[in-house]
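K.L.:
A predicted structure for the sequence below; I have some questions about it.
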Amino acid sequence: MLLHNTARAACASKRQARAFMATQTPRSSGPQRRVSAIAMAASRCPTLAARPQPSLLRRAAQPGRRAAVPVRAQAAPLIDAAPGKTTLGFIGIGIMGLAMTRNLLKAGYQVVVWNRNPDKCAALAAEGAKVASTPQEVAAAATYTFAMLSDPEAALDVANRPDGVAAGMAPGKGYVDVSTVDAATSQAVAAAVRARGGAFLEAPVSGSKGPAEQGKLIFLTAGDQALFNAVSGPLDAMGKAKFFLGAEGAGANMKLVVNMVMGSMMTAFAEGLALADKVGLRQQDVIDVVGLGAIAAPMFALKGPAMAARAYAPAFPLKHQQKDMRLALALGDEVGQPLPLAAASNAQYIAARRQGLGDADFSAVMEAVLGQAAAEATEAHNKAAK
Ligand SMILES: NC(=O)C1=CN([C@@H]2O[C@H](COP(=O)(O)OP(=O)(O)OC[C@H]3O[C@@H](n4cnc5c(N)ncnc54)[C@H](OP(=O)(O)O)[C@@H]3O)[C@@H](O)[C@H]2O)C=CC1
Ligand SMILES: O=CCCC(=O)O
């Protein structure tokens with residue numbers, strides 16, 4: 001199935017197909033083995049087989065001349081990032097960006113940072129980062145620039161504003177957007193970066209504040225594979241695993257699938273805790289029982305006790321989870337996949353945002369669940385009283 005989907009992604013456009021064919025020889029260890037599978041799938045892609053790619057072929061213009069042979073696309077070589085040698089950029093010093101940048105500094109990279117609210121850069125400056133005054137300045141100073149921004153609007157603005165990342169791009173440089181956005185946003189950012197000669201990789205992450213601090217994120221990457229290889233060191237400094245999934249859009253889609261499932265799981269768990277409470281069960285007992293059985297999940301064990309205490313210190317802000325539900329639902333709409341469960345969960349995240357909980361942890365969806373239950377109880381009581 002993965003192979004099928006990645007093959008489909010690999011065949012998405014002529015330009016993407018060219019990117020595949022121009023990529024470096026895949027390395028053979030760990031998740032990178034998936035790279036080989038993708039490249040093989042791309043090479044078997046019927047669209048590619050049926051349509052010769054003019055810029056990839058040296059044509060035999062006259063009879064008697066040698067047959068067309070593949071020519072590698074001319075892309076600026078990308079140098080492997082190395083601690084002590086490579087300057088990296090990081091844009092978006094929020095919950096995730098702060099922890100990720102710290103791990104790059106700890107690994108020995110020179111890092112230039114920018115954040116819309118410059119105050120958030122102060123701690124990193126004290127730890128050795130340089131602070132730039134625009135995203136363009138970051139991209140110009142760094143070989144490879146990372147960005148961890150809240151949503152598609154922020155990602156597009158930071159890339160395209162007059163003093164944005166694209167303006168600082170040049171051949172030999174790369175932009176790695178680790179924000180959670182939709183595929184169309186990622187593709188638009190990729191186009192802006194490539195128009196200036198830069199390489200692009202989308203690399204949304206699975207894992208929250210804790211894994212970001214511990215350098216245990218999981219990168220879901222797609223785009224220019226040469227850039228994936230070049231930033232392998234920095235990715236390893238921030239994460240425990242990395243997947244290269246194909247042409248840009250595949251990483252964004254993977255992230256939305258994962259977060260849609262996570263968002264629905266959290267809503268279901270909150271409903272379970274609320275129901276347990278109503279029937280006189282101890283919520284901690286529910287957490288313990290769930291933790292020992294087939295539906296055990298690290299997320300339930302991690303968030304459950306705080307939810308029972310109705311405390312929601314933000315690790316993953318609820319407004320971002322709701323954004324991810326919205327983007328996943330839009331994706332379902334686009335491809336004709338009904339997602340009724342996700343739609344119902346999204347309604348609860350929207351309700352929680354309306355309750356002013358957008359900046360709380362996404363487990364605060366519990367309050368919407370409790371709020372709705374309380375409202376329904378009142379309504380039932382009023383009906384019975386009539
Ligand atoms: N927290 C988590 O557990 C995880 C989050 N994510 C994703 O990572 C991204 C960031 O999340 P997180 O760090 O938690 O969020 P935060 O809200 O803490 O950080 C958001 C960052 O985006 C910046 N930003 C927002 N709008 C703009 C804009 N228009 N122009 C420039 N910068 C802007 C903010 O700048 P400012 O400080 O000035 O507001 C801030 O640096 C989101 O896409 C989220 O979905 C992915 C995995 C886990
Ligand atoms: O996007 C947020 C993901 C949070 C997590 O994976 O724990």
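P.N.:
Ah, there it is. Ligands and ions are numbered 1, 2, ... in the order given.

K.L.:
would you agree Val189 is in contact with Ser179?
P.N.:
No - at 9.3 Å, Val189 does not count as touching Ser179 under the criterion of C-beta atoms under 8 Å. Quick note: C-beta positions are derived from backbone N, CA and C, even for glycine.

K.L.:
mutual contacts of the two, please.
P.N.:
Common contacts of Val189 and Ser179, defined by C-beta atoms under 8 Å, 6 or more residues apart in numbering, comprise Ala155.

K.L.:
count of neighbours near Ile295?
P.N.:
Using other C-beta atoms under 10 Å, Ile295 has 13 neighbouring residues.

K.L.:
SS state for it?
P.N.:
Classification of Ile295 using DSSP: H, G, I helix; E, B strand; the rest coil returns coil.

K.L.:
that one and ligand 2, how far apart?
P.N.:
As defined by C-beta to the nearest ligand atom, to the nearest Å, Ile295 lies at a distance of 17 Å from ligand 2.

K.L.:
ditto for Met266
P.N.:
Met266 is 10 Å from ligand 2, by C-beta to the nearest ligand atom.

K.L.:
need phi/psi at that residue.
P.N.:
phi -60, psi -40 (degrees, to the nearest 10).

K.L.:
contacts only, for the residue of the chain found nearest ligand 2.
P.N.:
Among the residues of the chain, Ser208 lies nearest to ligand 2; the distance is 3.7 Å by C-beta to the nearest ligand atom. By C-beta under 8 Å, 6+ apart, the contact list for Ser208 reads Met96, Ala315, Phe316.

K.L.:
select only the buried ones of the residues you listed in PyMOL?
P.N.:
One line in PyMOL is enough to select the buried members of these, burial here meaning 16 or more other C-beta atoms under 10 Å:
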select buried, resi 96+315+316
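
K.L.:
in the sheet, which residues pair with Leu88? Tell me.
P.N.:
Beta-bridge pairing for Leu88 (DSSP bridges): Val111, Tyr144.

K.L.:
residue contacts, it?
P.N.:
So, once contact is read as C-beta under 8 Å, 6+ apart, Leu88 ends up touching Ala81, Leu104, Tyr109, Gln110, Val111, Val112, Ala142, Thr143, Tyr144, Thr145, Phe146, Pro234.

K.L.:
next one: Met266
P.N.:
Residues near Met266 by C-beta under 8 Å, 6+ apart: Met299, Lys303, Gln321, Ser345, Phe362, Ser363, Val365.

K.L.:
please identify which two of the residues you listed are farthest apart in space.
P.N.:
Lys303 and Ser345 (15.2 Å; C-beta to C-beta).

K.L.:
so which of these two has more stuff around it?
P.N.:
Ser345 (29 against 23).

K.L.:
surely Val178 and Ser206 touch.
P.N.:
No - the pair Val178 / Ser206 is not scored as a contact, 11.1 Å apart, by C-beta under 8 Å.

K.L.:
comparing those two, which residue is more hemmed in?
P.N.:
Per other C-beta under 10 Å, whichever of Val178 and Ser206 has more neighbours is Val178, with 29 against 18.

K.L.:
can you pull the phi/psi pair for that one?
P.N.:
phi -100, psi 0.

K.L.:
and the pLDDT for it?
P.N.:
If you check Val178, the pLDDT there is 99.

K.L.:
for Asn5, same thing?
P.N.:
pLDDT, Asn5: 37.

K.L.:
likewise Leu88?
P.N.:
For Leu88, the model assigns a pLDDT of 99.

K.L.:
go on, Asn115?
P.N.:
As predicted, Asn115 sits at a pLDDT of 98.

K.L.:
and the residue of the chain nearest ligand 1?
P.N.:
As assessed by C-beta to the nearest ligand atom, ligand 1 sits closest to Gly94 within the chain, at 2.0 Å.

K.L.:
so, low pLDDT: which residues of the stretch 101-250 of the chain?
P.N.:
Within the stretch 101-250 of the chain, no stretch has pLDDT under 70.

K.L.:
around ligand 1, pick out the residues from it.
P.N.:
115-117, 120, 148-151, 154, 157-158, 179-180, 205, 208-209 (C-beta under 6 Å from any ligand atom).

K.L.:
from those, which land in helices?
P.N.:
Mapping those onto helices (DSSP state H) picks out Ala154, Asp157, Val158, Lys209.

K.L.:
list only those of the residues you listed flagged as buried.
P.N.:
Among those, those buried by neighbour count (16+ other C-beta under 10 Å) are Ala154, Val158, Lys209.
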